[in-house]
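[1] build the 3D model from these lines:
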Amino acid sequence: MSILTGNHNGVLRIVFNRADKKNALTAAMYEALNEAFDRAAGDPAIKALLFAGEGGVFTSGNDLQDFLASPPRGIEAPVFQFLRNLAHCPKPMVAAVQGFAVGVGTTMLLHCDLVYAADDAKFALPFTSLGLCPEAASSFLLPQIAGYQRAAEKLLLGEPFGAEEAYEMGFVNKIIPPSEVLAHAMRQAEKLAALPASSVRVTKRLLRDTHRKAIAERMDEESTLFADMLGGPAAREALNAFMEKRRPNFSSID
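    Prediction:
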């Protein structure tokens, strides 16, 4: 299966398991992720969630072939449901990041409560180079966390950056050797799971409530624009260039 789940010591471990494709996410994988959120919501024995990836990679983002074959149609598409689940999950979420964390692989981390990155982690937000716009309320959250100029550099240019810069920007808690990052993140998640569940939930709600409405509104706005832009000429050129293994040419596209 492309998404592996398992409950251990109160932690629901959710693992991207498509290492041969660098854990690129498909619509079917988003459906499985949404089912995992439903499971976590309905099971009081699950006290925390942990995200990780197999094969030394977190996720290379959306599978572009899958996006071309079945693009998300409107904000009810599985990918946008997944983003809303991230934003509204009342239980603490922890991420263990190794290797590539591209696109949604980075934006989802802005919703996690604790993020631990291997020193080989590589982050990227290449939305503009794909003729698209940010998602997951990242155009709101990243400036809040990292400041406007740093957020603008990452979201406008879309250039990759490493774990040290992600730590300096404020959305990575600690940098860990690759062989230790998953175990460390699991220990932290188990610490959360061992605490009184109501205290953890209320504390998370208090931490997040200040911007909850703004995040929801920005996420819906981004999702609508993203779905519209996915069918536009810039995105078509970018995706076709990717499939044809050439550089895109945006010179005649507004």
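
[2] buried residues in stretch 73-89, which are they?
    By neighbour count, with 16 or more other Cβ atoms under 10 Å as the criterion, the buried positions of stretch 73-89 are 75, 77-87, 89. Every residue, glycine included, has its C-beta placed from N, CA and C.

[3] mind giving me the packing neighbours of the top helix by length along the chain?
    What stands out as the longest helix in the chain, according to DSSP state H, is helix 212-230. With contacts defined as 3 or more Cβ pairs under 8 Å, 6 or more residues apart in numbering; DSSP states H and E, the packing partners of helix 212-230 are helix 78-88, helix 138-146.

[4] quick check: mean pLDDT across it?
    Averaged over helix 212-230, pLDDT sits at 93.

[5] cool, and stretch 123-133?
    Stretch 123-133 carries an average pLDDT of 96.

[6] now do the end-to-end distance for it.
    From its first residue to its last, stretch 123-133 covers 17 Å (Cα to Cα, to the nearest Å).

[7] where do the helices of the stretch 1-150 of the chain begin and end?
    Using DSSP state H, counting those that start in this stretch, the helices of the stretch 1-150 of the chain run over 27-42, 64-69, 78-88, 104-107, 138-146, 148-152.

[8] which of the residues in the last one are buried?
    For helix 148-152, the neighbour count (16+ other Cβ under 10 Å) marks 150-151 as buried.

[9] try stretch 174-185
    Residues 175-176, 181-182, 184-185 are the ones in stretch 174-185 that count as buried (16+ other Cβ under 10 Å).

[10] output it as PDB, restricted to C-alpha atoms.
    The C-alpha coordinates for stretch 174-185 follow below in PDB (Å, rounded to 0.1, in the frame of the first residue of the first chain):
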ATOM      1  CA  LYS A 174      15.500  20.300  15.600                       C
ATOM      2  CA  ILE A 175      18.000  18.900  13.000                       C
ATOM      3  CA  ILE A 176      18.800  15.200  13.600                       C
ATOM      4  CA  PRO A 177      21.100  12.700  11.800                       C
ATOM      5  CA  PRO A 178      19.200  10.800   9.200                       C
ATOM      6  CA  SER A 179      19.500   7.500  11.000                       C
ATOM      7  CA  GLU A 180      18.000   8.900  14.200                       C
ATOM      8  CA  VAL A 181      15.300  11.300  13.000                       C
ATOM      9  CA  LEU A 182      12.400   8.800  12.900                       C
ATOM     10  CA  ALA A 183      13.100   7.400  16.300                       C
ATOM     11  CA  HIS A 184      13.500  10.800  17.800                       C
ATOM     12  CA  ALA A 185      10.200  12.000  16.300                       C
END
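
[11] what about the residue nearest to the spatial centre of the chain, distance to Glu35?
    Per Cα atoms, centre = their mean, the C-alpha nearest to the average position across the chain is that of Met108, at 2.4 Å. To Glu35, Met108 is 17 Å away according to Cβ to Cβ, to the nearest Å.
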